[in-house]
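1. Make a model of this:
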Amino acid sequence: QLQLVESGGGLVQPGGSLRLSCAASGFTLDYYAIGWFRQAPGKEREGVSCISSSGGSTNYADSVKGRFTISRDNAKNTVYLQMNSLKPEDTAVYYCAANISPKCRVAGYNYWGQGTQVTVSS
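-> Residues are numbered from 1 along each chain as shown. Modelled structure (predicted):
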């Protein structure tokens, strides 16, 4: 069974940090670009970041540039999202997804995790 599982979410104060993990089972992530997305209550899902299959190419939403860093460890079949300087507006359910392409694209995310809640509040 192909599965992505996110972990690492939680409650953090503004200015704090969290590291999200996206672990794959049932398939290897080596050939897939991986994206992180988030959805806040009452808002549409938005793309946060993406990393190519090799890790050589990354991109970020303007709202998280300079604060979030995406990385991957293909040996561990895991992708990470390091989130620093968190703001209340970062509060959302965060999802990872695997793209059918090795390159980051807008569409083509076929495999999704169940999400992990991130809450930034004092």
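
2. For this structure, which segments count as helices?
-> Secondary structure of the chain (DSSP state H): no helices located.

3. Just give me the residue closest to the centre of it.
-> Centroid-nearest residue in the chain, with CA atoms, centre = their mean: W36, separated by 2.7 Å.

4. what's the spacing between it and S122?
-> Relative to S122, W36 is positioned 24 Å away (CB to CB, to the nearest Å). Yep, even glycine has a C-beta here, placed from its N, CA and C like the rest.

5. Was I right to think M83 contacts V120?
-> No - under the criterion of CB atoms under 8 Å, M83 makes no contact with V120, lying 9.1 Å away.

6. out of the two, which sits in the busier spot?
-> Between M83 and V120, M83 has the larger neighbour count (other CB atoms under 10 Å), namely 27 against 20.

7. and that one, what are its bridge partners?
-> M83 has the following beta-bridge partners by DSSP bridges: L18, F68.

8. what about it, distance to R19?
-> Plainly put, M83 is 7 Å away from R19 if you go by CB to CB.
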